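**Student:** Structure for the following, please:
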Amino acid sequence: MTAVLNESTPRAHSRILALGAARGENAVPNDDIVGPIDSSDEWIRQRTGIVTRKRADASTSALDLAVAATREAVERSGIDPSEIDVVIVGTISNVQQSPSLAAMLADAVGATPAAAYDQNAACAGYCYGIAQADALIRSGAARYAVVVGAEKLSDIVDPTDRSISFLLGDGAGAAVLGPSDAPGVSKTQWGSDGSKAALVGMNATLTQFRDGEAEWPTLRQEGPSVFRWAVWDMVKVARRTLEEAGVSVDDLAAFVPHQANMRIIDEFAKQLGLPEHVAIARDIATTGNTSAASVPLATHRLLEENPELSGGLSLQIGFGAGLAYAAQVVVLP
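**Tutor:** Modelled structure (predicted):
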């Protein structure tokens with residue numbers, strides 16, 4: 001006789017119940033960082049749209065930022081932390097390979113014994129996490145999930161590097177997801193292209209650093225190539241996301257792209273043909289590029305400044321090192 005496993009109880013849909021945010025304690029204006037890169041405030045503003053970026057104190061960790069953001073999201077969601085079944089953290093700046101930042105985060109917010117794991121999809125990390133949480137909830141493997149993008153990029157910045165250092169900030173954004181009677185997260189369009197991995201990433205390995213063959217590894221990028229990929233290739237992904245979600249740009253309330261560069265954001269919106277009523281996240285101007293934290297931080301700010309967007313549809317897309325990308329349409333909490 002063949003044994004038959006019990007089926008888990010699937011759920012039709014999931015949605016984002018609440019968001020939380022935490023940014024580095026310090027606002028760092030362009031004038032404070034232009035010396036080592038022989039640049040100017042005007043050059044950075046024109047090329048990136050950044051006026052200032054948020055960076056954390058030396059004593060503040062990516063975990064500290066994640067805890068603050070998650071506590072806000074859980075409190076706003078109205079659920080008890082003990083009800084959280086899984087914690088997913090997107091990060092490239094956890095200072096320990098093990099244990100995971102997610103496991104320590106789950107303990108810190110009272111979610112033990114939730115399943116917890118980190119994943120590294122760089123700037124697409126949060127949107128990857130939303131895809132995973134949605135699938136886990138709909139499959140019945142979880143009822144409530146926390147998805148966090150948490151980065152302290154100031155730990156992996158070379159202040160003399162002109163390719164990316166002036167872009168980067170510190171912060172964490174968190175979302176609580178739960179079951180829903182109606183669709184709250186569309187099918188995710190995601191993927192990667194490892195053939196372009198050299199365009200953005202670390203400039204050395206930890207073993208090279210250990211063996212004295214390299215300095216402390218820091219981030220680098222080939223800006224023009226990344227710009228072209230982000231604008232032309234990612235617009236195709238965004239259009240496919242809308243098409244498979246069954247909505248048009250006219251149905252959107254908001255557009256939240258990865259906060260990589262204001263010129264990318266503006267060109268992206270132009271290529272999509274977004275109508276005037278769509279609110280476009282431009283958090284990069286005062287927060288900087290926070291990699292996996294960028295989409296949730298930008299969404300959080302958009303809702304704080306425009307609460308009427310709640311319940312509307314938002315197209316969100318993350319893209320970066322890997323090269324990895326992910327996009328979905330979500331109902332704003």
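**Student:** For the rest of this, base every contact and every neighbour count on C-alpha atoms.
**Tutor:** Fine.
**Student:** Identify the residues contacting the spatially most central residue of the chain.
**Tutor:** Geometric centre of the chain, nearest residue: A292, 3.1 Å, by C-alpha atoms, centre = their mean. Counting by C-alpha atoms under 8 Å, 6 or more residues apart in numbering, A292 touches 90-92, 121-126, 149-151, 318.
**Student:** Can you list which of the residues you listed are found in helices?
**Tutor:** Among the contacts of A292, the residues falling in helices (DSSP state H) are G125, Y126.
**Student:** Output the contacts of A292 in CSV, with neighbour count and pLDDT appended to each entry.
**Tutor:** Putting the contacts of A292 into CSV (neighbours: other C-alpha atoms under 10 Å; pLDDT from 0 to 100) gives the following:
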residue, neighbour count, pLDDT
G90, 30, 98
T91, 29, 97
I92, 24, 95
A121, 27, 96
A122, 27, 95
C123, 33, 96
A124, 32, 97
G125, 33, 98
Y126, 36, 98
G149, 36, 98
A150, 39, 98
E151, 35, 98
G318, 30, 97
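**Student:** on that earlier part again, so how far is T9 from the residue nearest to the centre of the chain?
**Tutor:** 31 Å (C-alpha to C-alpha, to the nearest Å).
**Student:** Equivalent analysis for V74, please.
**Tutor:** 24 Å.
**Student:** more crowded one of the two?
**Tutor:** Of the pair V74 and T9, V74 is the one with more neighbours under other C-alpha atoms under 10 Å, namely 23 against 12.
**Student:** Look at the more buried one and report its pLDDT.
**Tutor:** Looking at V74, its pLDDT reads 98.
**Student:** which secondary structure elements does the helix or strand harbouring it contact?
**Tutor:** V74 is part of helix 62-77, with elements assigned from DSSP states H and E. Applying 3 or more C-alpha pairs under 8 Å, 6 or more residues apart in numbering; DSSP states H and E, we find helix 62-77 packed against strand 13-23, helix 101-108, strand 144-152, strand 170-180.
**Student:** quick one: it to strand 144-152, angle?
**Tutor:** 140 degrees (axes from the mean of the first three to the mean of the last three C-alpha atoms, to 10 degrees).
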